[in-house]
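S.K.: need a structure here:
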Amino acid sequence: MAMFESLSKRLEGVFTNLSGKGKLTEADVDEAMREVRLALLEADVSLKLVRQFVEHVKAKAIGADVLGSFSPAQQVLQIVNDELIEMLGGSDGDNKLNLGGAPPHVIMLVGLQGSGKTTTAAKLANYLRKQGQRPLLVAADTYRPAAVYQLQTLGKQLTIPVYAEQAGSNPVDISVHSLEYAREQALNVVILDTAGRLNIDERMMQEVTTIRNRLHPGEVLLIADAMTGQEAVRVADDFNKAVSLTGMILTKMEGDARGGAALSIRSITGVPIKFMGVGEKTDALEPFYPDRLASRILGMGDVLSLIERAQEAIDEEEALKAQAKMQQGKFDLEDFLNAMRQLKRMGPLRNVMEMIPGFNKLADTPDMEEALEGDQLKRIEAIILSMTLEERRNPDLINGSRRRRISRGSGSTTQAVNQLLDQFHEMRNMMRQMSSGRGPWAKLAQQYGGGAGMGGMPAIPATAGFSNQSKHSGGKKTGKAARKEKRKHKARSGRR
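M.R.: The predicted structure follows:
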């Protein structure tokens with residue numbers, strides 16, 4: 001996650017330095033905690049919270065018995081991970097929405113103007129519909145120009161009903177009337193998009209307080225912009241005192257801010273974070289799990305979120321077909337293209353890779369930086385679509401003249417076509433190694449997943465239709481790799 005990239009790198013450096021120690025002394029812990037303190041302060045975490053965090057970690061690290069299965073450095077890493085989870089809301093962090101009682105259930109969204117409240121209302125409605133609910137969006141912001149139109153446009157895109165009244169209507173009356181409309185239409189969740197202001201003012205607070213008293217919502221959620229840093233913490237505290245928040249949704253978590261608000265806001269306000277916005281699209285809303293975010297901050301990945309995202313994006317039937325072809329050694333460029341398209345639906349490739357244990361380091365290498373560019377998948381798609389169906393199904397047919405034709409048809413270079421074909425064969429080799437438990441990729445899977453084969457590391461190709469390749473599978477090689485293989489085969493034949 002871009003927001004915590006700098007913090008992650010600093011913390012990674014701390015634990016890399018500790019990893020060479022056979023036994024940690026108090027001086028080692030002091031030095032490590034000094035670096036952790038600087039990392040958190042640079043991430044814009046409040047000074048008071050940083051002091052508490054460091055004191056807790058230091059006390060546990062010095063007094064802890066080192067477990068047999070852990071090195072001292074791993075022990076400290078585990079303690080830091082536990083404290084991060086506690087700072088973010090605890091291992092039993094409550095991200096469940098209160099939808100109890102008789103419907104319609106009311107969810108009231110509050111926040112400052114510009115925090116992404118209207119867009120988040122649509123995202124939340126989309127999320128709830130996927131959970132089997134029947135949501136209604138309510139345009140209760142009659143002050144901001146085009147707020148009602150924006151919500152209606154989003155509702156139309158998602159085919160989710162929007163309740164709105166004519167300009168000049170009272171927001172309190174609109175909210176009350178929306179309940180009657182929801183009952184008539186058999187809609188069971190009402191999401192109120194209330195008005196925001198540039199600053200917190202008495203009139204604004206009085207309006208949202210009145211709506212809360214009239215409708216008795218099960219949830220009053222603050223939409224807080226994580227990019228505003230410690231200002232978001234102050235806003236959350238003020239809203240909580242005025243309207244008794246039941247939860248928060250942090251928006252723009254995909255941004256490149258320092259992330260201190262996300263780390264501080266729960267501890268200071270005591271209000272749980274329920275969701276986080278991770279992109280501009282209407283499906284870019286994720287439930288907030290303190291343990292998963294802590295794991296990503298420390299570079300340990302987030303496999304559970306990755307699996308959940310894959311289950312939403314991946315066509316299971318297509319994945320099973322691709323799996324069968326892999327096992328038979330018949331996986332081709334057409335399957336590769338389908339898998340890339342499914343991978344694309346999971347979100348930005350960099351974000352996906354950061355969820356895989358160990359792959360966050362690969363994402364920062366020069367080769368991967370280029371591969372993770374936004375247009376890279378489009379270029380790959382253009383090259384493959386410039387091939388004939390026969391060429392996609394049998395890449396070995398692609399000789400020099402065909403490569404030149406494909407490069408012209410896709411608007412790329414022959415070098416780019418060669419690179420794609422090489423990467424395709426490397427990918428097949430990687431999956432063969434991971435499924436057989438032998439080779440460099442298998443070692444990486446074992447290091448981060450704890451076992452042979454795919455182990456505990458469900459890499460992206462596995463969820464995108466590249467899964468469980470048989471150790472006997474794998475297609476023919478092309479170019480230099482093919483010639484090298486041919487020479488080896490002749491040498492073996494000669495020895496016989």
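
S.K.: only the buried residues of stretch 36-43, if you could.
M.R.: Residues 36-37, 39-40, 43 are the ones in stretch 36-43 that count as buried (16 or more other C-beta atoms under 10 Å). Every C-beta, even on glycine, is put in place using the N, C-alpha and C of the backbone.

S.K.: should've said stretch 276-284
M.R.: Buried, per 16+ other C-beta under 10 Å, within stretch 276-284: 276-279, 282-284.

S.K.: sitting in strands, which of these do you find?
M.R.: 276-277 (DSSP state E).

S.K.: between the buried residues of stretch 36-43, which is nearest Ala61?
M.R.: Closest approach between these and Ala61, by C-beta to C-beta: Val36, at 10.4 Å.

S.K.: the closest one: helix or strand, and which one exactly?
M.R.: Assigned by DSSP states H and E, Val36 belongs to helix 26-42.

S.K.: extract the CA atoms of that helix and return them as PDB.
M.R.: Extracted as PDB, the C-alpha positions of helix 26-42 are listed here (Å, rounded to 0.1, in the frame of the first residue of the first chain):
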ATOM      1  CA  GLU A  26      19.300  -4.300  25.700                       C
ATOM      2  CA  ALA A  27      21.600  -2.000  23.600                       C
ATOM      3  CA  ASP A  28      20.400  -3.800  20.400                       C
ATOM      4  CA  VAL A  29      16.800  -3.300  21.400                       C
ATOM      5  CA  ASP A  30      17.400   0.400  22.300                       C
ATOM      6  CA  GLU A  31      18.900   1.000  18.900                       C
ATOM      7  CA  ALA A  32      16.100  -0.800  17.100                       C
ATOM      8  CA  MET A  33      13.500   1.100  19.000                       C
ATOM      9  CA  ARG A  34      15.200   4.400  18.200                       C
ATOM     10  CA  GLU A  35      14.800   3.600  14.500                       C
ATOM     11  CA  VAL A  36      11.200   2.500  15.000                       C
ATOM     12  CA  ARG A  37      10.500   5.800  16.800                       C
ATOM     13  CA  LEU A  38      11.900   7.800  13.900                       C
ATOM     14  CA  ALA A  39      10.000   5.700  11.400                       C
ATOM     15  CA  LEU A  40       6.600   6.300  13.100                       C
ATOM     16  CA  LEU A  41       7.300  10.000  13.600                       C
ATOM     17  CA  GLU A  42       8.200  10.300   9.900                       C
END
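
S.K.: continuing past it, what's the next helix or strand?
M.R.: helix 47-63.

S.K.: the helix holding Val36 packs against which elements?
M.R.: helix 5-19, helix 47-63, helix 72-88 (3 or more C-beta pairs under 8 Å, 6 or more residues apart in numbering; DSSP states H and E).

S.K.: and the angle for that helix with helix 47-63?
M.R.: Note on geometry: by axes from the mean of the first three to the mean of the last three C-alpha atoms, to 10 degrees, helix 26-42 and helix 47-63 are set 160 degrees apart in direction.

S.K.: hey, where'd the strands end up in the chain?
M.R.: Along the chain, the stretches classed as strands by DSSP E are 105-110, 135-140, 162-163, 189-194, 219-225, 247-251, 273-277, 285-287.

S.K.: redo those as TSV? Include mean pLDDT and distance to Lys156.
M.R.: Shown next, in TSV, are the strands of the chain (pLDDT from 0 to 100; distance: least, C-beta to C-beta, whole Å):
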stretch	mean pLDDT	distance to Lys156
strand 105-110	96	19
strand 135-140	96	11
strand 162-163	97	8
strand 189-194	96	15
strand 219-225	92	22
strand 247-251	91	22
strand 273-277	91	21
strand 285-287	90	19
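
S.K.: which stretch among those comes nearest Ile398?
M.R.: The nearest among the strands of the chain, by C-beta to C-beta, is strand 285-287 at 40.5 Å.

S.K.: buried residues, that closest one. List them.
M.R.: 285-287.

S.K.: next, count neighbours for Thr159.
M.R.: If you count neighbours by other C-beta atoms under 10 Å, Thr159 ends up with 8.

S.K.: swap in Gly132?
M.R.: Gly132: 7 neighbours (other C-beta under 10 Å).

S.K.: report the separation between it and Val189.
M.R.: Using C-beta to C-beta, to the nearest Å, one gets 10 Å for the distance from Gly132 to Val189.

S.K.: which stretch among the helices and strands packed on helix 26-42 comes nearest Asn399?
M.R.: Nearest to Asn399, of all the helices and strands packed on helix 26-42, is helix 5-19, at 43.2 Å by C-beta to C-beta.

S.K.: what pLDDT, on average, does that closest one get?
M.R.: Averaged across helix 5-19, pLDDT comes to 69.

S.K.: low-confidence ranges in the stretch 351-496 of the chain?
M.R.: Within the stretch 351-496 of the chain, the stretches with pLDDT under 70 are 351-375, 428, 430-496.

S.K.: 80 - rerun?
M.R.: Applying pLDDT under 80 to the stretch 351-496 of the chain flags residues 351-377, 423, 425-496.

S.K.: now the strands of the chain in JSON lines, with distance to Asp173?
M.R.: JSON lines is the format used below for these (distance: least, C-beta to C-beta, whole Å):
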{"stretch": "strand 105-110", "distance to Asp173": "15"}
{"stretch": "strand 135-140", "distance to Asp173": "10"}
{"stretch": "strand 162-163", "distance to Asp173": "12"}
{"stretch": "strand 189-194", "distance to Asp173": "12"}
{"stretch": "strand 219-225", "distance to Asp173": "19"}
{"stretch": "strand 247-251", "distance to Asp173": "26"}
{"stretch": "strand 273-277", "distance to Asp173": "28"}
{"stretch": "strand 285-287", "distance to Asp173": "29"}
